[in-house]
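Novice: quick one, what's the 3D model for this:
(one chain, ligands or ions: 1)
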Amino acid sequence: MGETIIPLADLRYAATLPPVPAQDQAPTGLLSDRLGRPLRDLRISVTDRCNFRCSYCMPKDVFDRDYRFLPHSSLLSFEEITRVARIFVAHGVSKLRLTGGEPLLRKNLEVLIAQLATLRTPQGQPLDITLTTNGSVLARKAQALRDAGLKRVTVSLDALDDTIFRRMNDVDFPVADVLAGIAAAQRVGLAPIKINMVVKRGTNDHEIVPLARHVRDHFGPGVVLRFIEYMDVGATNGWRMDEVLPSAEVVQRLGEVFPLQALQASAPGETAQRWCYADGGGEVGVISSVTQAFCSDCNRARLSTEGKLFLCLFANRGHDLRALLRGSSPAGQPWTDTQIAGAVGLIWGQREDRYSELRGALQADAGSGTRRVEMHYIGG
Ligand code: SF4
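Specialist: Predicted structure coming up:
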């Protein structure tokens, strides 16, 4: 097991106060960063809390009983989140993903979804609103989420075997309840449903084929299983390269049992490489941040639970949008949406993040106090 670093609370507060342009600059929807990447996808963390303690994200020895989660007063309200989302939509965002921690632990999340569902792109189109959940309470919530306007859902599921699943979530949570959540999501019409399995060599890689078989046999082609390479997110999971199972090996193992055919990406910036079963049994995907980086068309921004904007999953510093939402200009007036949009434009325009492409080189200077932000705080 590699070295574990205990995150100090202050990391959450490592953020810059965004400069606001002197002249109002109305968003054009054509924003791009220094690498020419547009802003299309906003991931919104609605809580830093979770009821699981997956070792690759929130190891129990770090996020224990004494860990101080964010007080409710510091979280963005639903109205603030919707305001920020509206500003990002004006900049070209067409997809919103609600994340956490575990987003379904945030009370009345349906209210936020209903607010976000009223937003439209500058072309008048509804947004693609989705959510990533560990599925623990999905069976109970699926209908209300659907009724509120959620279109589809991604469920994290790292094993089919109950013993391995309980060990990986580290809170002894039964796999049957998550499977029931997926079935409920399917029943109420959330689609497509994606299942994400983080593959850790020596821990759950032998579950690749059994889980694929179960999804084919029990959920059918409407549910897409994706295998995610184990990543060095944050600074607490003790990541080691020899515990990464490269996606190429996942595809090879799966293909030996279920022959596969490669598919085209369904949209620019898509993180998964897509495959389909040659026998028509559905689609699978691999997300290969470690061995096949996809930073070149990364169009994702992340908003933390308390309103800090991060430009990369592996960032070590954010931009404090909450200060603008709750603060006022030197003239003593609340900042307007256009002014905040101007600030977001400046931030994204300066973006040149591509951690996964530079991983090797960047890790070399990891000793210099540039600890990366934790995934439970900004969502995956
Ligand atoms: S490492 Fe950062 S820039 Fe690269 S794909 Fe991931 S989030 Fe995007």
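
Novice: how about the helices of the stretch 251-380 of the chain, start to end?
Specialist: For the stretch 251-380 of the chain, the helices defined by DSSP state H, counting those that start in this stretch cover 321-326, 337-349, 355-364, 375-378.

Novice: can you list the ones you listed in a markdown table and add distance to Ala293?
Specialist: (Each C-beta comes from the backbone N, C-alpha and C, glycine too.) A markdown table is the format used below for those (distance: least, Cβ to Cβ, whole Å):
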| stretch | distance to Ala293 |
| --- | --- |
| helix 321-326 | 27 |
| helix 337-349 | 20 |
| helix 355-364 | 4 |
| helix 375-378 | 17 |
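
Novice: want to throw those into a markdown table with mean neighbour count, mean pLDDT and distance to the ligand?
Specialist: Compiled in a markdown table, those are given as follows (neighbours: other Cβ atoms under 10 Å; pLDDT from 0 to 100; distance: least, Cβ to the nearest ligand atom, whole Å):
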| stretch | mean neighbour count | mean pLDDT | distance to the ligand |
| --- | --- | --- | --- |
| helix 321-326 | 20 | 97 | 18 |
| helix 337-349 | 19 | 97 | 12 |
| helix 355-364 | 14 | 80 | 4 |
| helix 375-378 | 26 | 92 | 10 |
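
Novice: of these, which is nearest Leu150?
Specialist: When the helices of the stretch 251-380 of the chain are compared for distance to Leu150 using Cβ to Cβ, the nearest one is helix 375-378, at 20.5 Å.

Novice: put the alpha carbons of the closest one into PDB.
Specialist: Listed in PDB are the C-alpha atoms of helix 375-378, where the atom choice follows Å, rounded to 0.1, in the frame of the first residue of the first chain:
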ATOM      1  CA  MET A 375     -12.700  13.500  -5.700                       C
ATOM      2  CA  HIS A 376     -15.500  13.400  -3.100                       C
ATOM      3  CA  TYR A 377     -15.300  17.200  -3.000                       C
ATOM      4  CA  ILE A 378     -15.600  17.900  -6.700                       C
END
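
Novice: other residues contacting it?
Specialist: Helix 375-378 is touched from outside by 12, 43, 45, 48, 50, 57-58, 63, 99-101, 233-234, 302-305, 310, 313, 315, with contacts defined as Cβ atoms under 8 Å, 6 or more residues apart in numbering.

Novice: among these, which lie within strands?
Specialist: Counting by DSSP state E, the members of those that fall within strands are Arg43, Ser45, Thr99, Arg302, Leu303, Phe310.

Novice: the nearest residue to Gly189 once chain neighbours are set aside: how many residues sit nearby?
Specialist: Leaving out its chain neighbours, the residue that sits closest to Gly189 by Cβ to Cβ, 6 or more residues apart in numbering is Arg146, at 6.1 Å. Look at Arg146: counted by other Cβ atoms under 10 Å, it has 20 neighbours.

Novice: which is the next helix or strand following the strand or helix carrying Arg146?
Specialist: When elements are assigned from DSSP states H and E, Arg146 belongs to helix 138-148. Per DSSP H and E, the first helix or strand lying C-terminal to helix 138-148 is strand 153-156.

Novice: for the stretch 201-350 of the chain, what lies in contact range of the ligand?
Specialist: By Cβ under 6 Å from any ligand atom, the residues of the stretch 201-350 of the chain that approach the ligand are Ser289, Phe294, Cys295, Cys298, Arg300, Cys312, Leu313, Phe314.

Novice: can you pick the most crowded of these?
Specialist: For these, neighbours were counted by other Cβ under 10 Å; the highest total belongs to Cys298, with 24 neighbours.

Novice: phi, psi of that residue?
Specialist: In terms of degrees, to the nearest 10, the main-chain angles of Cys298 are phi -70, psi 120.

Novice: that one against Arg354, yeah?
Specialist: Yes: between Cys298 and Arg354 a contact is recorded at 7.3 Å, counting by Cβ atoms under 8 Å.

Novice: got any residues that touch both of those two?
Specialist: Residues touching both Cys298 and Arg354 (Cβ under 8 Å, 6+ apart) are Cys312.

Novice: lowest-confidence helix or strand of this structure?
Specialist: Counting by mean pLDDT, DSSP states H and E, the chain has its least confident helix or strand at helix 355-364, which shows a mean of 80.

Novice: run through who's touching it.
Specialist: In this structure, residues lying in contact with helix 355-364 by Cβ under 8 Å, 6+ apart are Asp232, Ser289, Val290, Ala293, Phe294, Cys295, Ser296, Cys312, Leu313, Phe314, Ala315.

Novice: then it to PDB, C-alphas only?
Specialist: Coordinates of the C-alpha atoms in helix 355-364 are reproduced here as PDB (Å, rounded to 0.1, in the frame of the first residue of the first chain):
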ATOM      1  CA  TYR A 355      -3.000  16.400 -16.200                       C
ATOM      2  CA  SER A 356      -3.500  12.900 -17.600                       C
ATOM      3  CA  GLU A 357      -1.200  13.800 -20.600                       C
ATOM      4  CA  LEU A 358       1.500  15.100 -18.300                       C
ATOM      5  CA  ARG A 359       0.900  12.700 -15.400                       C
ATOM      6  CA  GLY A 360       4.500  11.300 -15.300                       C
ATOM      7  CA  ALA A 361       6.200  14.700 -15.300                       C
ATOM      8  CA  LEU A 362       3.700  16.200 -12.900                       C
ATOM      9  CA  GLN A 363       4.000  13.400 -10.400                       C
ATOM     10  CA  ALA A 364       7.700  14.100 -10.200                       C
END
